[in-house]
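Peer 1: Sequence unavailable; structure follows:
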């Protein structure tokens, strides 16, 4: 077999592997083990496929064979993925520090800035508290700057890799900052009032661990903004003939009498390539978390958002074509979700370790948030030992007690 033909076959095998057509990819990799040039690649990728399916010893043997024949950093990295995927992801984040780039200031006054300010508009409800805040996964300090815009002054920005935060600090744009691993936050319990984590959970290998760590260091609450899970908070509008159907990784929004789905969406997806699996959240998940931990309350708001690169740099003004189109598209998606029962694209979830004040509740309600109290039976309340034997109280004494 000639090397050009073998190379084409290897590329085809990789394509099948990426499509999760594992058996076909497996057979092509096997057929290429005899090619003197491409055998290390075929052995390496065959090993990856085998380890994906739990054949760890055989897969490692195949990858070791590839390593013996050539210098192969990709094979070393893949062994690390299957052996220590958490540290492998942290290593990837650390590698960004090896390619430093100038700090990027926020795009003030633009459509894109309007999108991000809209996501954490709830912060306006807490300005009067004069509380301390910590941002998590705030690579450039942009979240901290938005809190400053709302009038919140005591903010510490943090990220696993603080290279950009150091630049922002040196330029005078942000104040305090920390290099923090969200899955093991190096801070004492209850050390800040509020923790904000906006669109960063999918950069963490163990997002659930990070959520509990944030709750540990927060004194009053943890605020999460992430894409909303498209398959959990479904509320199909059966009266109008809408229903949902799941096929593989696709969620279809359908209507009775129509052959084709009205809309199809991926249930699992990633941003910027593998290792950035988008960890979507749901109202149901938030409620279970609060019940399990005995948190007194949570607030939630589902909303639609869109990112279109060509609109982002246009001004967020009424006469801006990009802003008008974004506003119109969001309104169309809101109507679609209202009609069908499809969850909106994003969810802001506010987890309270201390119940919010009445004024905060009012302000959140005005912004469309629903506030849920955790049922009493899930709260670790200690009840006094009250005598339950019935006693007779004369009617006259009861009437005297009444107002």
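Peer 2: Received, thanks. A quick note: this is a predicted structure, and the numbers were derived from the prediction, not measured.
Peer 1: Next, count neighbours for residue 382.
Peer 2: Look at residue 382: counted by other C-beta atoms under 10 Å, it has 5 neighbours. C-beta: built from backbone N, CA, C; applies to glycine.
Peer 1: how much space is there between residue 338 and residue 56?
Peer 2: Using C-beta to C-beta, to the nearest Å, one gets 49 Å for the distance from residue 338 to residue 56.
Peer 1: helices and strands around whichever strand or helix holds residue 323, which ones?
Peer 2: Assessed by DSSP states H and E, residue 323 sits inside helix 321-340. Where contact means 3 or more C-beta pairs under 8 Å, 6 or more residues apart in numbering; DSSP states H and E, helix 321-340 is packed against helix 111-119, helix 309-312.
Peer 1: now that helix: mean pLDDT?
Peer 2: In this model, helix 321-340 carries a mean pLDDT of 95.
Peer 1: hang on, the earlier thing: out of the helices and strands packed on helix 321-340, which is the most enclosed?
Peer 2: helix 111-119 (a mean of 19; mean count of other C-beta atoms under 10 Å).
Peer 1: hmm, who's touching it?
Peer 2: 106-107, 142, 146, 149, 198-199, 225, 303, 305-307, 311-316, 320, 322-323, 326, 346, 348 (C-beta atoms under 8 Å, 6 or more residues apart in numbering).
Peer 1: Produce a ChimeraX select command limited to the buried residues of the residues you listed.
Peer 2: Buried residues within these, by 16 or more other C-beta atoms under 10 Å, are selected in ChimeraX with:
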select :106,107,142,146,198,199,225,303,305,311,312,314,315,316,320,322,323,326,346,348
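Peer 1: Identify those among the contacts of helix 111-119 that sit within strands.
Peer 2: In strands, defined here by DSSP state E, the members of the contacts of helix 111-119 are 198, 225, 303, 346, 348.
Peer 1: Stretch 25-39: end-to-end distance?
Peer 2: One end of stretch 25-39 to the other measures 14 Å (C-alpha to C-alpha, to the nearest Å).
Peer 1: ok, residue 219 - how many residues close by?
Peer 2: 15.
Peer 1: Would you double-check that it falls in a helix?
Peer 2: No - looking at residue 219 with DSSP: H, G, I helix; E, B strand; the rest coil, it is strand, so not inside a helix.
Peer 1: Distance-wise, check it relative to residue 291.
Peer 2: When residue 219 is compared with residue 291 (using C-beta to C-beta), they lie 21 Å apart.
Peer 1: Kindly report the same for residue 373.
Peer 2: From residue 373 to residue 291 the distance is 11 Å (C-beta to C-beta).
Peer 1: what about residue 48, helix or strand, and which?
Peer 2: Short version, using DSSP H and E: residue 48 is in helix 39-52.
Peer 1: What lies in contact with that helix?
Peer 2: 10, 13-14, 17, 22, 25-26, 29-30, 32-33, 35, 56, 58-66, 69-70, 72, 74-75, 78, 82.
Peer 1: Just the buried ones among those residues, please.
Peer 2: 10, 13, 17, 25-26, 29, 32, 35, 59-60, 62-63, 65-66, 72, 75, 78, 82.
Peer 1: Could you list the low-pLDDT ranges of this structure?
Peer 2: 1-2, 83-90, 92-100, 387-403 (pLDDT under 70).
Peer 1: now the end-to-end length of stretch 257-265.
Peer 2: With C-alpha to C-alpha, one end of stretch 257-265 sits 20 Å from the other.
Peer 1: In it, which residues are buried?
Peer 2: 261, 265.
Peer 1: who touches it?
Peer 2: By C-beta under 8 Å, 6+ apart, stretch 257-265 touches 230, 241-242, 245, 250-255, 336, 340, 342.
Peer 1: and the direction of the helix holding residue 323 versus that of helix 111-119, what angle?
Peer 2: For helix 321-340 against helix 111-119, the angle between stretch directions is 40 degrees (axes from the mean of the first three to the mean of the last three C-alpha atoms, to 10 degrees).
Peer 1: Go through helix 321-340 and flag the buried ones.
Peer 2: Applying a neighbour-count criterion of 16+ other C-beta under 10 Å, one finds 322-323, 325-327, 330, 333, 337, 340 buried in helix 321-340.
Peer 1: What of stretch 354-371?
Peer 2: Neighbour-count burial for stretch 354-371 [16+ other C-beta under 10 Å]: 355-356, 360-361, 363-364, 369, 371.
Peer 1: repeat for stretch 372-379
Peer 2: So for stretch 372-379, counting by 16+ other C-beta under 10 Å, buried means residue 374.
Peer 1: Check the offset of that stretch from the chain's centre.
Peer 2: Centre-to-centre, stretch 372-379 and its host chain are 25 Å apart (C-alpha atoms, centre = their mean, to the nearest Å).
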